[in-house]
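**Student:** one predicted model, sequence on top.
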Amino acid sequence: MKRVAVIALVSYLALVLEFLMYNFWGKWGCPSLSILVVIFFNLYLGIRFSIIAAVFCGIFQDSLGLSPFGTHVLVYVAGSYATTLVRRYVYQPGSRFSRAVVTFFVVVACFGVEAVLTNMSHELQLGALLTNVLIPQLLATMIAATWIYAQLKNIGIFFKLKS
């Protein structure tokens, strides 16, 4: 139960920090902290707790977003499964490059799922989506990933999440 409470708190803090960063620096300075939280809990505690983190992050994002409720939950759960897939075939524990590769593939996968879900009734403008959404989100998230993972690991150690 303690793990679930910590995951909920970290997910909420990720949403608040995303909101503040977006308002301060705009889309080019706002990493997707929610995706990083989902990835971290998958790598640190496993798929079960990653799905819990995905549900919390998705509910918090959906409560503020304009898309239909449940869209972000589905995106983050898909990101959790994408993390498991990439972790199984590419990830090497302890490697920063490996964590960056996992982050890259999961951010791209989440972007793809979100692009399909939010543009189902409209014509998909892939060029505009790539230049205005994916590139800023991917760059900011990749730059912040290593530091965020280190801080999340410190939180995990502080709360003794790993047995």
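**Tutor:** Looks like it arrived, so ask away.
**Student:** okay, now the unreliable bits of this protein?
**Tutor:** Residues of the chain meeting the criterion pLDDT under 70: 120-121.
**Student:** and with 90 instead?
**Tutor:** Scanning the chain with the threshold set as pLDDT under 90 gives 1, 26-29, 64-69, 91-96, 114-134, 161-163.
**Student:** those helices in it, which residues are they?
**Tutor:** Remark: helices assigned in the chain by DSSP state H are 2-25, 33-45, 47-64, 71-89, 96-118, 126-129, 135-158.
**Student:** next, the angle helix 33-45 makes with the last one.
**Tutor:** Spelled out, it's helix 135-158. 40 degrees (axes from the mean of the first three to the mean of the last three C-alpha atoms, to 10 degrees).
**Student:** by contact count, what packs against helix 135-158?
**Tutor:** helix 2-25, helix 33-45, helix 96-118 (3 or more C-beta pairs under 8 Å, 6 or more residues apart in numbering; DSSP states H and E). Bear in mind the C-beta positions are built from the backbone N, C-alpha and C, glycine included.
**Student:** figure out which of the ones you listed is closest to residue 155.
**Tutor:** Nearest of these to residue 155, taken as C-beta to C-beta: helix 2-25 at 6.4 Å.
**Student:** packing partners for that closest one?
**Tutor:** helix 33-45, helix 47-64, helix 135-158.
**Student:** just the C-alpha atoms of the last one, please, in PDB.
**Tutor:** C-alpha atoms of helix 135-158 as PDB (Å, rounded to 0.1, in the frame of the first residue of the first chain):
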ATOM      1  CA  ILE A 135      10.300  17.000 -31.700                       C
ATOM      2  CA  PRO A 136       9.900  19.400 -28.700                       C
ATOM      3  CA  GLN A 137       8.600  16.700 -26.400                       C
ATOM      4  CA  LEU A 138      11.200  14.200 -27.400                       C
ATOM      5  CA  LEU A 139      14.100  16.600 -27.100                       C
ATOM      6  CA  ALA A 140      13.000  18.000 -23.700                       C
ATOM      7  CA  THR A 141      12.300  14.500 -22.400                       C
ATOM      8  CA  MET A 142      15.600  13.100 -23.500                       C
ATOM      9  CA  ILE A 143      17.500  15.900 -22.000                       C
ATOM     10  CA  ALA A 144      15.800  15.600 -18.600                       C
ATOM     11  CA  ALA A 145      15.600  11.800 -18.500                       C
ATOM     12  CA  THR A 146      18.900  11.000 -16.800                       C
ATOM     13  CA  TRP A 147      18.500  13.600 -14.000                       C
ATOM     14  CA  ILE A 148      14.800  12.700 -13.400                       C
ATOM     15  CA  TYR A 149      15.600   9.000 -13.200                       C
ATOM     16  CA  ALA A 150      18.300   9.700 -10.600                       C
ATOM     17  CA  GLN A 151      15.900  11.800  -8.500                       C
ATOM     18  CA  LEU A 152      13.200   9.200  -8.700                       C
ATOM     19  CA  LYS A 153      15.700   6.500  -7.600                       C
ATOM     20  CA  ASN A 154      16.500   8.700  -4.600                       C
ATOM     21  CA  ILE A 155      12.800   8.900  -3.800                       C
ATOM     22  CA  GLY A 156      12.600   5.100  -4.100                       C
ATOM     23  CA  ILE A 157      15.500   4.700  -1.800                       C
ATOM     24  CA  PHE A 158      14.100   7.200   0.700                       C
END
